[in-house]
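Visitor: kindly generate the corresponding structure for this input.
(one chain, ligands or ions: 2)
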Amino acid sequence: MKQSKLLIQTLRETPKDADVVSQQLMMRSGMILKLAAGIYDYLPLAYRSIRKFEAIVREELERDGCQELLMPTVQPAELWQESGRWAFYGKELLRFKDRKGGDFCLGPTHEEVITDIVRRSVRSYKQLPMNLFQIQGKFRDEIRPRFGLMRGREFIMKDAYSFHTDDADADREYWVMFNAYKRIFSRLGVKFRPVEADSGAIGGSFTHEFHVLAGSGEDAILSCDACEYASNIEKTEAPVEAAPSSGQKELLKEHFYTPGILGQVEQAAAMKDADHNGMSLTQTSVFFLYRATLADESTKLVGAVLRGDHDVNPVKVKNVIGAMELELMPLDEAEVFTGAKSGFMGPVGLKNVTMVVDRSLEGMSGLTCGANRTDYHHFGLDPARDLPGCLFADIRMAKEGDACTRCGKGHYQAFRGIEVGQVFKLGLKYSKSMGCTFLDAEGKEWPMVMGCYGIGITRTVAAVIEQNYDADGIIWPWPVAPYQVHLLNLDPGNAEVNTMANQLEKELEREGFEVLHDDREGLSPGAKFKDADLLGFPLRLMVGAKGLKEGVVELRDRRTKEVMKLKPEALVAEVSAARDRMMLALEAAGGR
Ligand code: ATP
Ligand code: MG
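Guide: Residues are numbered from 1 along each chain as shown. Ligands and ions are numbered 1, 2, ... in the order given. Down below sits the predicted model:
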């Protein structure tokens with residue numbers, strides 16, 4: 001391919017609205033163009049990488065017997081009403097009406113459509129199990145689209161769905177897909193980790209996310225330094241932490257007058273000033289007031305009580321309650337409800353609030369808490385005694401350095417991750433609500449057990465860049481490089497150089513290598529080198545008059561920057577050898 005004809009516009013400057021490396025480099029190297037917030041054109045270079053990654057995904061899934069199909073992007077509301085998600089999906093679901101007034105949405109995911117296909121096409125246990133996948137554009141009206149392809153509103157996803165006669169078979173397929181994902185991400189040579197993730201409050205379901213490790217990742221991951229346990233912080237089990245009690249047995253109401261104090265640290269300091277046993281943060285408590293929406297669409301108020309030095313994990317609170325949604329009560333409402341300003345709200349005496357207390361406070365007493373009167377705190381809180389009917393559960397955010405709850409030996413280490421894929425055992429959620437059933441050998445009807453498995457195709461391509469770049473540009477790993485060899489014609493005015501460059505381009509292509517030939521005129525070699533580094537194909541081949549005079553061309557490795565002088569006839573063998581070297585290094589680098 002001649003670069004003079006390629007649809008590409010490289011930028012010298014980093015675009016102002018690009019916040020992460022992959023977005024900056026993809027925009028600078030002319031791979032993507034922003035059409036609207038979170039909506040990008042995938043230009044030829046980007047689309048080549050995307051298609052290569054899609055091919056890897058297809059190959060690994062087909063190896064495990066998955067069948068590819070393609071579902072419509074536009075989905076009728078009726079299906080979503082059947083599953084119950086039309087009311088719940090919120091604003092990410094872009095809804096619209098057709099000319100006849102019918103309700104539709106743009107597919108953010110396809111559980112409803114695939115369940116409809118299978119319930120209409122599969123009757124017998126003999127046809128199961130079945131795993132169906134598609135690679136397709138999804139639309140989610142994300143509240144804050146950002147970071148280029150990492151969090152777009154329109155993006156490409158691979159989504160697979162499996163159907164089974166029983167739980168055990170669904171579990172088996174879950175691990176088949178888990179291993180397929182490991183192969184897929186290993187083939188990119190990226191450092192990744194599968195981590196346990198939150199599956200909401202649906203019984204019988206469990207899930208892992210696959211994260212590419214990168215400082216720019218939006219997710220926090222904790223993993224044990226001694227055992228295999230790794231999880232999204234939303235889900236990480238927090239150890240119970242004991243702390244000495246202040247010794248205050250009775251609940252002394254409105255005992256502390258602490259005007260103007262807002263945070264726990266100030267609270268503890270003020271108590272200390274008052275010289276009450278040298279109160280520490282662990283002897284204070286924090287309180288949060290939430291409104292939860294349940295599956296039947298009713299709402300209830302939920303209070304969360306934790307030790308003063310602990311952070312609340314709202315995802316855990318939501319799961320303890322079995323809620324579909326959980327939102328912090330807006331401050332003005334909470335002030336009216338409790339009768340106190342922020343900093344002085346507390347759990348004691350509130351009516352019609354389900355109280356959830358972190359398990360580190362089980363058996364604890366002598367705590368301070370807001371008195372629900374501005375400027376006052378109670379002293380001597382004993383949750384089990386003073387909050388009748390409260391639930392004790394793990395609702396705190398685990399943190400780096402906490403003892404691992406699985407092995408008890410190690411401690412958590414923190415990482416940032418980009419979620420590139422997820423495997424999810426769904427159970428009966430969709431098959432029951434939508435009537436997706438099969439007949440067993442006795443002719444008895446059962447709902448199918450389902451699993452679903454997603455990979456963010458465009459997000460993964462961006463994540464690969466987040467792990468593979470330097471100050472000059474992208475460093476593509478061989479398997480998803482848009483082209484493998486960047487052939488730079490350094491003297492396009494010179495007939496001998498042109499002939500050699502064209503000949504080498506053809507030879508390499510004949511051997512199956514993908515070559516972008518920079519045949520552009522009127523550019524200095526320096527300018528071509530700069531562009532080549534920015535585009536970052538694994539090998540750069542330089543053909544110029546000076547070299548040809550000595551009978552050589554030069555081959556440069558983008559990652560190591562090593563340059564080799566070669567006789568043109570030795571080129572193909574050397575490019576093959578370089579490819580083999582790079583693939584070996586990639587295998588060694590990939591995985592954990
Ligand atoms: P996130 O938590 O990042 O919003 P999700 O858990 O909602 O993602 P899934 O429903 O699991 O996403 O979708 C499967 C995959 O699709 C994700 O693992 C991710 O790689 C990709 N993906 C999801 N949302 C986006 C997005 N807005 N832009 C690009 N890729 C996305
Ligand atoms: Mg996910």
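Visitor: and the nearest residue to residue 19 once chain neighbours are set aside, what pLDDT?
Guide: Using C-beta to C-beta, 6 or more residues apart in numbering and skipping residues adjacent in sequence, the residue nearest residue 19 is residue 147, 5.9 Å away. Bear in mind the C-beta positions are built from the backbone N, C-alpha and C, glycine included. For residue 147, the model assigns a pLDDT of 94.
Visitor: pull the contacting residues for residue 147.
Guide: In this structure, residue 147 makes contact with 19-20, 22-23, 216, 218, 462, judged by C-beta atoms under 8 Å, 6 or more residues apart in numbering.
Visitor: ok, of these, which come out buried?
Guide: Using 16 or more other C-beta atoms under 10 Å as the burial test, the contacts of residue 147 include 20, 22-23, 216, 462 as buried.
Visitor: quick revisit: from residue 297, how far off is the residue nearest to residue 19?
Guide: Using C-beta to C-beta, to the nearest Å, residue 147 is found at 34 Å from residue 297.
Visitor: also residue 27?
Guide: Residue 27 sits at a distance of 43 Å from residue 297 (criterion: C-beta to C-beta).
Visitor: the stretch 51-200 of the chain: helices as residue ranges?
Guide: 77-83, 111-121, 167-186 (DSSP state H, counting those that start in this stretch).
Visitor: ugh, typo on my part, it should be the stretch 251-400 of the chain
Guide: Counting by DSSP H, counting those that start in this stretch, the helices of the stretch 251-400 of the chain are 264-273, 314-321, 331-338, 383-386.
Visitor: mind listing what's buried along the first one?
Guide: Going back to what we said before, that points to helix 264-273. Those would be 264, 267-268, 270-271, for helix 264-273 by 16+ other C-beta under 10 Å.
Visitor: follow-up on the earlier one: nearest to residue 355, out of the helices of the stretch 251-400 of the chain?
Guide: helix 383-386 (7.9 Å; C-beta to C-beta).
Visitor: can you tell me which of the buried residues of helix 264-273 is closest to ligand 1?
Guide: Of all the buried residues of helix 264-273, residue 264 has the smallest distance to ligand 1: 29.7 Å, by C-beta to the nearest ligand atom.
Visitor: that closest one touches residue 309, doesn't it?
Guide: Yes - the criterion here is C-beta atoms under 8 Å, and residue 264 meets it with residue 309 at 7.3 Å.
Visitor: any residues in contact with both of those two?
Guide: Any residue near both residue 264 and residue 309 by C-beta under 8 Å, 6+ apart counts here, and that gives residue 281.
Visitor: residues contacting the nearest residue to residue 391 once chain neighbours are set aside?
Guide: Distances taken as C-beta to C-beta, 6+ apart place residue 356 nearest to residue 391, at 5.0 Å, with adjacent residues excluded. Applying C-beta under 8 Å, 6+ apart to residue 356 gives the contacts 302-305, 317, 320-321, 390-393, 395.
Visitor: turn the residues you listed into CSV, including distance to residue 143 and pLDDT.
Guide: Listed next are the contacts of residue 356 as CSV, based on distance: C-beta to C-beta, whole Å; pLDDT from 0 to 100:
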residue, distance to residue 143, pLDDT
302, 23, 98
303, 27, 98
304, 24, 98
305, 29, 98
317, 21, 97
320, 26, 95
321, 24, 94
390, 33, 97
391, 31, 97
392, 34, 97
393, 29, 97
395, 25, 97
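Visitor: spit out the contact partners of residue 176.
Guide: Counting by C-beta under 8 Å, 6+ apart, residue 176 has contacts residue 64.
Visitor: what residues does the stretch 151-300 of the chain have near ligand 1?
Guide: 151-152, 155, 157 (C-beta under 6 Å from any ligand atom).
Visitor: ok, and the most crowded of the residues you listed?
Guide: Counting by other C-beta atoms under 10 Å, residue 152 has the largest number of neighbours within these, with 26 neighbours.
Visitor: what parts of the stretch 301-450 of the chain come near ligand 1?
Guide: So far as C-beta under 6 Å from any ligand atom goes, the stretch 301-450 of the chain lies against ligand 1 at 419-422.
Visitor: 8 Å - rerun?
Guide: 418-422, 424 (C-beta under 8 Å from any ligand atom).
Visitor: so which of those residues wins on neighbours?
Guide: residue 418 (29 neighbours).
Visitor: which residues does that one bridge with?
Guide: Here residue 418 sits in beta bridges with residue 212, going by DSSP bridges.
Visitor: pretty sure it contacts residue 215?
Guide: No - using C-beta under 8 Å, residue 418 makes no contact with residue 215, being 10.0 Å away.
Visitor: among the residues of the stretch 301-450 of the chain next to ligand 1, which one lies nearest to residue 141?
Guide: Distances from residue 141 to those, taken as C-beta to C-beta, are shortest for residue 419 (18.7 Å).
Visitor: pull the contacting residues for that closest one.
Guide: Going by C-beta under 8 Å, 6+ apart, residue 419 touches 209-211, 217-219, 456, 459.
Visitor: in strands only, show me those.
Guide: If you go by DSSP state E, these have 209-211, 219, 456 in strands.
Visitor: for these, which two are the farthest from each other?
Guide: 219 and 456 (12.5 Å).
Visitor: those two: which is more packed in?
Guide: residue 456 (25 against 16).
Visitor: centre-most residue in this structure?
Guide: Closest residue to the average C-alpha location of the chain: residue 419 at 2.1 Å, with C-alpha atoms, centre = their mean.
Visitor: where do the domain boundaries of this protein fall?
Guide: What the record gives for the chain is the domain set 47-237+413-466, 252-393, 483-589, from automatic domain parsing.
Visitor: the ones you listed: which one's closest to residue 472?
Guide: With C-beta to C-beta as the yardstick, what comes closest out of these is domain 483-589 (3.7 Å).
Visitor: next to ligand 1, which bits of the stretch 451-592 of the chain? Give me the list.
Guide: By the rule C-beta under 8 Å from any ligand atom, the part of the stretch 451-592 of the chain lying against ligand 1 is 454-456, 458-460.
Visitor: save those as CSV, and put in pLDDT too.
Guide: Formatted as CSV, those follow (pLDDT from 0 to 100):
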residue, pLDDT
454, 97
455, 98
456, 98
458, 98
459, 98
460, 98
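Visitor: which pair of the residues you listed spans the longest distance?
Guide: Put simply, by C-beta to C-beta the two of those set farthest apart are 454 and 458, 12.4 Å from each other.
Visitor: gap between the helix-or-strand element of the chain with minimal mean pLDDT and the chain center?
Guide: Using mean pLDDT, DSSP states H and E, helix 264-273 stands out as the lowest-scoring helix or strand of the chain, at a mean of 77. Helix 264-273 sits 39 Å away from the centroid of its parent chain (C-alpha atoms, centre = their mean, to the nearest Å).
Visitor: list the contacts of the residue of the chain at minimum distance from ligand 1.
Guide: As assessed by C-beta to the nearest ligand atom, ligand 1 sits closest to residue 456 within the chain, at 2.3 Å. Contact partners of residue 456, counting by C-beta under 8 Å, 6+ apart, are 155-157, 419-421.
Visitor: tell me where the stretch 201-350 of the chain has strands.
Guide: 206-213, 219-224, 230-232, 252-257, 285-293, 299-307, 325-328 (DSSP state E, counting those that start in this stretch).
Visitor: quick one on the thing from earlier: what pLDDT does the residue nearest to residue 391 get?
Guide: pLDDT, residue 356: 98.
Visitor: just the contacts of residue 147: which are in helices?
Guide: In this view, the contacts of residue 147 that belong to helices under DSSP state H are 22-23, 462.
Visitor: coming back round to it: okay, the helices of the stretch 51-200 of the chain in CSV with distance to residue 404 next?
Guide: Putting the helices of the stretch 51-200 of the chain into CSV (distance: least, C-beta to C-beta, whole Å) gives the following:
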stretch, distance to residue 404
helix 77-83, 37
helix 111-121, 34
helix 167-186, 21
